[in-house]
Structure formats: C-alpha cells, structure tokens
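In: predicted model and sequence follow; I will ask about them next.
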Amino acid sequence: MNQIIIHVDMDAFYAAVEMRDNPALRGKPLIIGALPNQRGVVATCNYAAREYGVHSAMNIKEAYRLCPTGIYLRPDMNKYKAVSAELHAIWGAYAEKLESVAYDEAYLDVTQRAGDFAGARDIARDIKRRTRDELGLSCSVGVAYSKSAAKTASEEKKPGGYFEIPSPEEFVNLVIDRDVRVLYTVGQKTAEKLYKSGIHTVRDIRENRELVIELLGKQGVWLSALAFGKDDRAVTPREPENAKSISREVTFQRDVNDFDLLKDILALLSISVKRRAERYGLYGGGVTLKITYADMKSMTRSRAKEAVCDAVTIYATAAELLDTAERRPVRLIGVGVYNLTKEIRRQMTIFDYPLSRSKNKDDELNDILATLGKKYHLDFAGHLDEIFQGGVLHKTIEYMRVHAEGMNGQ
C-alpha cells in the first residue's frame, strides 16, 4: 500500500494554550493537572517544567517534590476542546482522511492531495505556519510512508520540528539500535517483558522474532513486522459513535467510606454517561462499575442489560453492582455502558408500554434528583447543564463528600 501520511502533534498542548492566553506564564515551569494539595496526576507540562523531571501521568505529589516553584493549574477542558476544533479545521483542509487521536494529535492521509513527498512537505510546512500564525501555537510534524513512521518522525525534532521518513529502509536505519520503546504499542510493561529475555533494541527484535512472538503473541507478530518497517494500516476517521464504551469516573480528594454517598455520586455519573450516549444516538448492551480502593487495587463489575439508554437504568444497575463490592475506603468510582450500538436489540414486552408503568424514566430521574437536592441542599434538577460543564461536576461531588462527612461527624 503506497501511502503518504502526516502526523501532527501539538507541543505541550494544554500548557501552550495557557501560555498563549497569559504571556506572564512563559518561561516559567507550568504544570497542568491536579493541584499540589489534591490527588491526581500531571495532564501535561511545558518544557521548562520538564527540565525538572516532571512529565505527563506523573503523580502530582511527585511533580511538586521535583518542582515546588512551578505554577500549577487545573485543566480548562472547554477551552482546550474549542482550540482543538480550530486545529482540526486547519488539518482537515489538507487531508483526504483524518484520524483524530486526541485533542492535540492526528494522522492525515495526503496521498492523492500531495502526490509525492515534496507535495507533502509543502502541506506540512503550511500546517505549521497556519497553526503558528492563526492560533499562536507550535506543533511538530512528521511525514512518512506509514502511520507508525509518521508518528516516529513527528517526535524526532520536538518541539516545533519537522522530519521525513520516506521508506521502510530509512525507518529501520533510524531506529534499529534504539530501545524497543521506540516502536508503537511498546509501553513499560511490554518493554520489561522484552528486557527480561535480553531484548533491548529494535535490532534484538529482528534477530529474535520467534522469541518475541512466543513472549507477546499477536503483539509480538506486529512488533516483528514493525521492526522491519512494515505497517500497512490506513488512516481511519474515528467517530465518537464508533466507540465500544462510554464511562465517567471521579477521584476523591479523600477516601470515601460512606457507600450511601457513593450511590448518590453514581446517580450524577450515570446522568453524565447517558447524556454522552444520547448525543450520539447510542444504546448500551450492559453497565459497568469501577472502583479503586485506597490501596490502589481496582475492581470492575459488569452486568448485561438490553438497550440501556436512560440514566435511571444505568444508575440502578450500578448501585446494585456496588452492593456486591467489598466495603472499604474508596479512592475512585466510575460507571459506564459497553457494547454500544445504534440499534435497539431487544424484544418489546408489555412492561415497555407507557400504560403499564406508574412512572416514566424522566419522572423517576426527577425523583432521584429531588431526593439528592434535599439531602445536599443543592438544586440538581435546575442546574444539570451547569453541573456537566468543565470541572463543575468534580467540584459538586467534592461538595457532596464534604457535606456527607459533616453529617456523619467525620
């Protein structure tokens, strides 16, 4: 498959947007994520912070230990989403197909539009120029014959760089003596498996293909091919409605022992999940509950349901699953729906008809919200739209936790 693919990756995206909007932040270590006095991790940080050893996904306490003089900000997801839409509008103008990986990253198939690598080079430079001039942001761009090579190319000259890998041979020459983690899909756990067997570089993978396949199965087959520069994957536009599951979770600032409070929180999380599924016209084939305890051990429960599309059913099922969980301090709780489809795959029964029900789902949900309102002295029903904007849901849940602790005399 002859392809010309561009990979665009914004440089420290969240932090870059904040520095653009507030020039006083420039040149100072900036960490976006949880605040130092909270639980959580680093979402991203600027390059000044990275000089202290801070990086994405690092525990915020460790980040603060390394960089106590840094500036710490909570992410403004609404702002980043709006900027992302502007970026994708620029990128989409050049792509025959665009595969969005995240707010700040995408693959562009420019095979026909570019014609050759010289044409792709012009497109890449134009994308970099427009991103800088129109949005005041910096991006790194890679052009290559495959998706994995394009991603490798975009990382080669970060930040603000440009790099080309025109052929499998040039890809292999570039990475052959690098650590195995240079290859797409090799994370820490996979790398450790390979290290234990004496496989540290791409060259080692090439020379030990059978062992790699024995260790990693299908992933080993993939890595063995990639070590020779083989990657025929096409750029595939990803639509939200093609997701396999939708979920929402929250991490508490203090561990929660009150399982009645957890059930109340599940109600809000269930509404959030329902709203997102409804936005794309999706029905779930089951409900999942996720819990992470104070000792960081996680538990997941699931239950198959037919055509889940309302918050009441999601909430009721999640609450029942919670009743089966071990009762000890909880750090995180989440709820989701899975096996998504646009079709209602079930048989209607007499119980589905409105005349056979004393209340419809909307009435039941209003009753739940009214009960929560009395308990926490908040008008949930009257402010649902505001609650699910930005970080308001997290703040609301934290208020509920503190309120419940006060009522319990903690």
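Out: Here it is on my side, so go on.
In: who touches the host helix or strand of residue 211?
Out: Following DSSP states H and E, one finds residue 211 within helix 209-216. Contact with helix 209-216 is made by 190, 193-194, 197, 199, 205, 220-221, 223-224, 227, as judged by Cβ atoms under 8 Å, 6 or more residues apart in numbering. C-beta coordinates here come from the backbone N, C-alpha and C atoms, glycine included.
In: please repeat the previous calculation with a cut-off of 7 Å.
Out: Outside of helix 209-216, the residues within contact range by Cβ atoms under 7 Å, 6 or more residues apart in numbering are 190, 193-194, 197, 199, 205, 220-221, 223-224.
In: swap in stretch 259-270?
Out: Stretch 259-270 has contacts (Cβ under 7 Å, 6+ apart) with 248, 250, 256, 311, 314-315, 318-319, 322, 327, 330, 333-335, 368, 372, 393, 397, 400-401, 404.
In: centroid-nearest residue for this protein?
Out: The residue lying closest to the centre of the chain (Cα atoms, centre = their mean) is residue 102, at 7.3 Å.
In: mind naming the longest helix for the protein?
Out: Counting by DSSP state H, the longest helix found in the chain is helix 259-279.
In: pull out the buried positions in that one.
Out: Neighbour-count burial for helix 259-279 flags 261-274, 276-277 (criterion: 16 or more other Cβ atoms under 10 Å).
In: out of these, who's nearest residue 283?
Out: The closest of those to residue 283 turns out to be residue 277 (Cβ to Cβ; 7.3 Å).
In: quick check: that closest one touching residue 247?
Out: No: Residue 277 sits out of contact with residue 247 when judged by Cβ atoms under 7 Å, with a separation of 10.4 Å.
In: okay, and the common contacts of the two?
Out: Common neighbours of residue 277 and residue 247 (criterion: Cβ under 7 Å, 6+ apart): none identified.
In: apart from its chain neighbours, what residue comes closest to residue 113?
Out: The shortest distance from residue 113 to any non-neighbouring residue, by Cβ to Cβ, 6 or more residues apart in numbering, is to residue 96 (5.9 Å).
In: backbone dihedrals for the one you found, please?
Out: Here is the backbone geometry of residue 96 (degrees, to the nearest 10): phi -70, psi -40.
In: now do the contacts for it.
Out: Residue 96 touches 109-113, counting by Cβ under 7 Å, 6+ apart.
In: narrow the contacts of stretch 259-270 to just the buried residues.
Out: Here, 16+ other Cβ under 10 Å leaves 248, 250, 256, 311, 314-315, 318-319, 322, 330, 333-335, 368, 372, 393, 397, 400-401, 404 buried among the contacts of stretch 259-270.
In: the residues you listed in helices, which ones?
Out: Checking those against DSSP H, those in helices are 311, 314-315, 318-319, 322, 368, 372, 393, 397, 400-401, 404.
In: please convert those residues to TSV, extending it with pLDDT and distance to residue 287.
Out: Below are these laid out as TSV (pLDDT from 0 to 100; distance: Cβ to Cβ, whole Å):
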residue	pLDDT	distance to residue 287
311	93	11
314	95	6
315	95	9
318	96	6
319	95	10
322	96	11
368	93	16
372	93	20
393	85	19
397	92	19
400	93	22
401	92	23
404	90	24
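In: just the strands in the protein please.
Out: Here the chain has its strands, by DSSP state E, at 5-10, 30-33, 42-45, 71-73, 97-102, 105-109, 139-144, 162-165, 245-256, 284-293, 298-308, 330-338.
In: possible to save these as TSV with mean pLDDT and distance to residue 176?
Out: Output for those, formatted as TSV (pLDDT from 0 to 100; distance: least, Cβ to Cβ, whole Å):
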stretch	mean pLDDT	distance to residue 176
strand 5-10	96	20
strand 30-33	96	35
strand 42-45	93	30
strand 71-73	96	40
strand 97-102	90	26
strand 105-109	95	24
strand 139-144	97	16
strand 162-165	97	13
strand 245-256	85	38
strand 284-293	92	40
strand 298-308	88	38
strand 330-338	91	40
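In: export the ones you listed to JSON lines and tack on distance to residue 385?
Out: Below are the strands of the chain laid out as JSON lines (distance: least, Cβ to Cβ, whole Å):
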{"stretch": "strand 5-10", "distance to residue 385": "29"}
{"stretch": "strand 30-33", "distance to residue 385": "25"}
{"stretch": "strand 42-45", "distance to residue 385": "25"}
{"stretch": "strand 71-73", "distance to residue 385": "25"}
{"stretch": "strand 97-102", "distance to residue 385": "26"}
{"stretch": "strand 105-109", "distance to residue 385": "29"}
{"stretch": "strand 139-144", "distance to residue 385": "33"}
{"stretch": "strand 162-165", "distance to residue 385": "43"}
{"stretch": "strand 245-256", "distance to residue 385": "16"}
{"stretch": "strand 284-293", "distance to residue 385": "23"}
{"stretch": "strand 298-308", "distance to residue 385": "22"}
{"stretch": "strand 330-338", "distance to residue 385": "20"}
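In: now do the end-to-end distance for stretch 223-234.
Out: For stretch 223-234, the first-to-last residue distance is 17 Å (Cα to Cα, to the nearest Å).
In: buried residues in it?
Out: Of all the residues in stretch 223-234, those buried under the rule 16+ other Cβ under 10 Å are 223-224, 226-229, 231.
In: again with stretch 197-212
Out: Buried residues in stretch 197-212, defined by neighbour count with 16+ other Cβ under 10 Å: 199-205, 208-209, 211-212.
In: check stretch 115-130 too.
Out: Under the neighbour-count criterion of 16+ other Cβ under 10 Å, stretch 115-130 has 117, 119-121, 123-124, 127-128, 130 buried.
In: average pLDDT for it?
Out: The predicted model assigns stretch 115-130 a mean pLDDT of 93.
In: alpha carbons of it, as PDB, please.
Out: Below are the C-alpha coordinates for stretch 115-130, written out as PDB (Å, rounded to 0.1, in the frame of the first residue of the first chain):
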ATOM      1  CA  GLY A 115       1.200  13.500  -4.900                       C
ATOM      2  CA  ASP A 116       4.700  12.900  -3.600                       C
ATOM      3  CA  PHE A 117       6.900  13.700  -0.600                       C
ATOM      4  CA  ALA A 118       7.700  17.200  -2.000                       C
ATOM      5  CA  GLY A 119       4.000  18.000  -2.000                       C
ATOM      6  CA  ALA A 120       3.600  16.500   1.500                       C
ATOM      7  CA  ARG A 121       6.500  18.700   2.600                       C
ATOM      8  CA  ASP A 122       4.700  21.800   1.400                       C
ATOM      9  CA  ILE A 123       1.500  20.800   3.200                       C
ATOM     10  CA  ALA A 124       3.300  20.100   6.400                       C
ATOM     11  CA  ARG A 125       5.000  23.400   6.300                       C
ATOM     12  CA  ASP A 126       1.700  25.200   5.600                       C
ATOM     13  CA  ILE A 127       0.100  23.400   8.600                       C
ATOM     14  CA  LYS A 128       2.900  24.500  10.800                       C
ATOM     15  CA  ARG A 129       2.700  28.100   9.600                       C
ATOM     16  CA  ARG A 130      -1.100  28.400   9.900                       C
END
